[in-house]
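Participant: What shape does this take:
(chains A, B and C)
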Amino acid sequence: MAKHVVATVDEIPPGERKIVELEGRSLGVFNIDGEFYALRNSCPHQGGPLCKGRLTGFLESDAPGEYRYTRKGEVLRCVWHGWEFDIKTGQSWWNPERMRVKSYKVDVEDGATVTSGLEKGPYTAETYRVTIEQQYVVVEIA
Amino acid sequence: MGTWDTKPSFVRSDWPLIDCDIHNTVPSLETLYPYLPDYWCDYCRESAFGGPEMGDYPKGAATTALPDTTPPSDGPAGSDLELLRDQTLDFWEAEYGLLTCAYRVQTVHNEDLAATLASATNDWQVEHWLEPEPRLRASLVVPSQNPPLAAREIERLGNHPGFVQVTLPVRSLIPYGNRHYDPIYEAAVRHNLAIGIQYGGAPGIPPSPSGWFSTYLEEYAGMGQVFQAQVISLVAEGAFDRFPDLRVALIEGGFTWMPSVMWRIDKEWRGLRHNTPWVKRLPSEYMREHMRLTLQPMDAPPEPKELLRMIGQLDSDEMLMFSTDYPHWQFDSPEEALPIGLPESLTKKILAENARAFYRL
Amino acid sequence: MKRTREKVPVIDSDIHNNLPSGDALAPYLSDRWRKHHETIGGRGHSGGSYPRAMPNAARHDSWPPSGLPPGADLPFMQEQLLDAWDIEYGILNPLMGAGGQLNLEYGAALARALNDWQIEEWVKPEPRLRASVVVPYEDGELAAQEIDRRGGDSGFVQVLLIARTAEPLGRRKYWKMYEAAVRNDLPIGIHFGGSGGYPISGAGWPSYYIEDHGGMPQAFQAQVISLVCEGVFEHFPTLKFALIEGGFAWLPPLMWRLDQSWKKLREEVPDLKRLPSEYIREHFWLSSQPVEEPPKREYFDLLLEQLNAREKLMFATDYPHWDFDAPDRALPTNLAPDVRRRIMADNARELYRL
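Facilitator: Down below sits the predicted model:
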């Protein structure tokens, strides 16, 4: 298990994302209303760069012609072919049980925790100069 | 029957058979006069109206009529009960034969006349076909260009036990998945009737997205793509979500194209689901659940084994229903009416059980 | 991001280059048509609006940093498509509606401008790209003139038509165009899209984009039927067609239906000497995208066999559109190596003589 410091909290405001490379794989880290989520940047369909896709909401319907649009900004639509994924779970809309993209545990940790973690492990922060004053987005890769 | 002397091997006393596509033909407009109100009789006479456009089956085209199906009375093939009974029900030893009258009242722009003609056609069907022959079941002809009027006709006769479906021509001005048609579906479902979409029609628009074909051959071979448009429309526009009991038979349109449509539309749906969010399952699941296809004409590959593989690609044993498409000429010997080499369980389903379940016979 | 998994050569038979702006064609138009272009502009068959699910029908990541529209920025296309996938050749199919113009003379002027623009701004600066001759196809004579004007340029490898035409393409009004294609030794590509002035299905106007997009094979079926039954290949025995972005699973059932129908109705078309499927097998190529995705691999294998995909299927990405197919993932990974090689590059190499 490794914990990677990928950004300061300020760097990914709500509704934004950051694409990062960790342990040789591309990930998208998303901020939805102050909560952070990370997904593998590769669509299970054809390997498209999923995390570069459009952010949208969940569109449901109780009957033809009726539209119920909720959870705006929590759905990611793949750049190739448009498959939809729930950013919070990695589940695809059309086959949530079997077709999903890998999601990773993300925490926000303060500079002190990160600093001590960097010394003793398991934290890594190749591109960050970590200071105690900041809060950091930390992705855990199991 | 004259053309065929020997019965095919699958006509057996222990295998029930239901023929899901037998065309009973209105011989002429005059036939309907006894069923038309006075005013409309006079209107037809005074305007020299000859009846709806009937370009779907050119009189002398080989596909239109098997040799020997023209009655001694000299009416068109499919217009004589005695001959039809002899050549279909008796020859195939059918438990039921489903009449699919193709009288195209939908081509008449005067919707009141169209509705009147539809009622007359249906009354004629009751008197001349259903009452004398208990093995026959029939399809209601409706003016689908005006759904409320069509629904009124379904209300009028939908409870008659002889009618098991409402028939619509596959060519339409507005695709059948559109909410425009809800009165028809509402009435059909309430009266326990299936919808039978059949070859042909003349809605005034070309039979292809790319204009009018020069030849009948092209129109005939090209009708498959109109069926495809209706299949896509019915699923995408939510007809089965609005009417979970809606059942649709695709009649005389071929069937080996069906898997390709399933694959394509399933793929589309995975990416464009949000375009029609009421479609909550794979479109192919709706198709398998709600749609059936009649067997003839078979758009079959030359190798019988390959045809079996194509049937397998439907991923359902329930979808195909036996039909002869009488009096149209679709096969040269009765043995060819059914794919060769089907397993027995599937044979029985195609011959009768699928139709029995679908039409609730 | 360089994708290296794909080891066989790749030829992309369907790339859409786009105009950077509305006035980008101005330098290529005569004064008379520049004025028209700026004042009246395009007028095609109207009434076919299906708002697409994605702006410009484009991949969300295909909007170049330069701010230009997807497909309009050559360096970005080089980076995102040609270099990333190590594409050996790419065939440009610009979709600017020249062929669908109601004003045929304007359509011809637009086609001329687009063709000159393609060579100057795409093929000359990027040797991996080849262009398609855009033509005002609703007028066979004007289309023939444009084919004769540009067809000799080695930068062009095909004539480009759109699937939804005003009449089925076998009809006589289009034959002068075929004569010119034969004269210039160019195959004809029929691409997804268009508007011929009629509803987009034989059942009328559907409501939703998924029906428009997913229903496109219907237009392709009509064109194949028409071209075969009208005897085009008896008159032009060397003419070849590429069906682009129409999918391909619909073709085998259509061949069977046509053959069955022809056996009964052949008297009506005495010009046809062979089974319709024989003409189809000889004269039609297909691009792969959008690849149908059957639920079982065996279905896909049978389909490839029925199509003679080894000889006739040509890989395409459809860049920069939203249903992009990736060279290394669109087809099953364990295809026989020679079949894979032919589909990914050699079939297009032979058809387009690359």
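Participant: Can you name the residues of chain C that neighbour chain A?
Facilitator: On the criterion Cβ under 8 Å from any Cβ of the partner chain, chain A has as its neighbours in chain C the residues C:1, C:53-54, C:59-62, C:322-326, C:328-330. No exception for glycine: its C-beta is placed from N, CA and C like everyone else's.
Participant: Please repeat the previous calculation with a cut-off of 10 Å.
Facilitator: Where proximity means Cβ under 10 Å from any Cβ of the partner chain, the interface of chain C facing chain A comprises C:1, C:3, C:5, C:53-55, C:58-62, C:207, C:290-291, C:293, C:317-318, C:320-326, C:328-330.
Participant: Next: the stretch 101-250 of chain B.
Facilitator: Of all the residues in the stretch 101-250 of chain B, those in contact range of chain A (Cβ under 10 Å from any Cβ) are B:Gly177, B:Arg179, B:Asp182, B:Ala236, B:Glu237, B:Gly238, B:Ala239, B:Phe240, B:Asp241, B:Arg242.
Participant: try 6 Å
Facilitator: B:Gly238, B:Asp241, B:Arg242 (Cβ under 6 Å from any Cβ of the partner chain).
Participant: Check the burial of the last one by counting its neighbours.
Facilitator: So that's B:Arg242. Other residues near B:Arg242 number 18, with proximity taken as other Cβ atoms under 10 Å in any protein chain shown.
Participant: Return the residues in contact with the closest residue to it other than its chain neighbours.
Facilitator: Using Cβ to Cβ, 6 or more residues apart in numbering or on different chains and skipping residues adjacent in sequence, the residue nearest B:Arg242 is A:Pro64, 5.5 Å away. A:Pro64 is in contact with B:Gly238, B:Asp241, B:Arg242, B:Trp278, counting by Cβ atoms under 6 Å, 6 or more residues apart in numbering or on different chains.
Participant: A:Pro64: what secondary structure?
Facilitator: Using DSSP: H, G, I helix; E, B strand; the rest coil, the three-state assignment for A:Pro64 comes out as coil.
Participant: Return the backbone torsion pair for it.
Facilitator: Backbone geometry at A:Pro64, expressed as degrees, to the nearest 10, gives phi -50, psi 130.
Participant: Off-centre distance for the longest strand along chain C?
Facilitator: If each strand of chain C is counted by residues according to DSSP state E, the longest one is strand C:156-164. Chain-centre distance of strand C:156-164: 6 Å, with Cα atoms, centre = their mean, to the nearest Å.
Participant: After it, heading C-terminal, what element do we hit next?
Facilitator: Proceeding N to C from strand C:156-164, the next assigned helix or strand is helix C:175-183, under DSSP states H and E.
Participant: number of nearby residues for the closest residue to B:Glu95 other than its chain neighbours?
Facilitator: The spatially closest residue to B:Glu95, leaving aside those adjacent along the chain, is B:Pro16, at 4.7 Å (Cβ to Cβ, 6+ apart). Neighbour count of B:Pro16, defined by other Cβ under 10 Å: 17.
Participant: likewise the one 3 residues further on?
Facilitator: Taking other Cβ under 10 Å as the neighbour definition, B:Asp19 ends up with a count of 30.
Participant: can you give me the helices in the stretch 151-300 of chain C?
Facilitator: Along the stretch 151-300 of chain C, counting by DSSP state H, counting those that start in this stretch, helices occupy C:175-183, C:209-214, C:217-229, C:232-235, C:251-265, C:276-283, C:297-307.
Participant: likewise chain A?
Facilitator: Counting by DSSP state H, one finds helices in chain A at the ranges A:111-120.
Participant: shaky segments in it?
Facilitator: By pLDDT under 70, the weakly predicted segments of chain A are A:121-122, A:126-128.
Participant: Quick one: residues contacting the spatially most central residue of it.
Facilitator: If you average the C-alpha coordinates of chain A and look for the closest C-alpha using Cα atoms, centre = their mean, you land on A:Ala38, 2.3 Å from that point. Neighbour list for A:Ala38: A:Leu27, A:Val29, A:Tyr104, A:Val106, A:Val139 [criterion: Cβ under 6 Å, 6+ apart].
Participant: before we move on, the earlier item: most tightly packed of the helices of the stretch 151-300 of chain C?
Facilitator: With neighbours defined as mean count of other Cβ atoms under 10 Å in any protein chain shown, these peak in mean count at helix C:217-229, which reaches a mean of 28.
Participant: Now do that one and helix C:251-265, the angle between them.
Facilitator: Here helix C:217-229 runs at an angle of 40 degrees relative to helix C:251-265 (axes from the mean of the first three to the mean of the last three Cα atoms, to 10 degrees).
Participant: so does helix C:217-229 get close to chain B?
Facilitator: Yes - looking at helix C:217-229 against chain B by Cβ under 6 Å from any Cβ, the contacts come from C:Gln218, C:Ala219, C:Gln221, C:Ala222, C:Gln223, C:Ile225, C:Ser226, C:Cys229.
Participant: how about the second one, what does it touch?
Facilitator: Taking Cβ under 6 Å, 6+ apart as the criterion, C:Ala219 is in contact with B:Pro209, B:Ser210, C:Ala163, C:Arg164.
Participant: can you give me the strands for chain C?
Facilitator: Taking DSSP E to define them, one finds strands in chain C at C:10-15, C:87-92, C:129-134, C:156-164, C:188-194, C:241-244, C:284-287, C:313-314.
Participant: Could you dump the ones you listed into JSON lines and include mean neighbour count?
Facilitator: Written out in JSON lines, the entries for these read as follows (neighbours: other Cβ atoms under 10 Å in any protein chain shown):
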{"stretch": "strand C:10-15", "mean neighbour count": "26"}
{"stretch": "strand C:87-92", "mean neighbour count": "23"}
{"stretch": "strand C:129-134", "mean neighbour count": "26"}
{"stretch": "strand C:156-164", "mean neighbour count": "25"}
{"stretch": "strand C:188-194", "mean neighbour count": "26"}
{"stretch": "strand C:241-244", "mean neighbour count": "28"}
{"stretch": "strand C:284-287", "mean neighbour count": "24"}
{"stretch": "strand C:313-314", "mean neighbour count": "27"}
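Participant: Output these in CSV, with mean pLDDT appended to each entry.
Facilitator: Putting the strands of chain C into CSV (pLDDT from 0 to 100) gives the following:
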stretch, mean pLDDT
strand C:10-15, 98
strand C:87-92, 98
strand C:129-134, 98
strand C:156-164, 98
strand C:188-194, 97
strand C:241-244, 98
strand C:284-287, 98
strand C:313-314, 98
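Participant: what would these look like in CSV with distance to chain B?
Facilitator: Formatted as CSV, the entries for the strands of chain C read as follows, by distance: least, Cβ to the nearest Cβ, whole Å:
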stretch, distance to chain B
strand C:10-15, 17
strand C:87-92, 23
strand C:129-134, 18
strand C:156-164, 5
strand C:188-194, 8
strand C:241-244, 13
strand C:284-287, 13
strand C:313-314, 15
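Participant: Could you point out which of those strands sits nearest C:Met177?
Facilitator: Across the strands of chain C, C:Met177 has its closest neighbour in strand C:156-164 (7.2 Å, Cβ to Cβ).
Participant: Quick one: list the elements packing against the closest one.
Facilitator: With contacts defined as 3 or more Cβ pairs under 6 Å, 6 or more residues apart in numbering or on different chains; DSSP states H and E, the packing partners of strand C:156-164 are strand C:129-134, strand C:188-194, helix C:217-229.
Participant: and the angle from the last one to helix C:175-183?
Facilitator: Relative orientation of helix C:217-229 with respect to helix C:175-183: 80 degrees, computed using the same axes, to 10 degrees.
Participant: ok, now how distant is B:Asp42 from chain C?
Facilitator: When Cβ to the nearest Cβ, to the nearest Å is the yardstick, B:Asp42 and chain C sit 34 Å from each other.
Participant: re earlier: could you single out the nearest of the residues of helix C:217-229 next to chain B to B:Gly75?
Facilitator: Among those, C:Cys229 lies closest to B:Gly75 (Cβ to Cβ), at 31.7 Å.
Participant: Show the contacting residues for the closest one.
Facilitator: So, once contact is read as Cβ under 6 Å, 6+ apart, C:Cys229 ends up touching B:Thr215, B:Leu217, B:Glu218, C:Val269.
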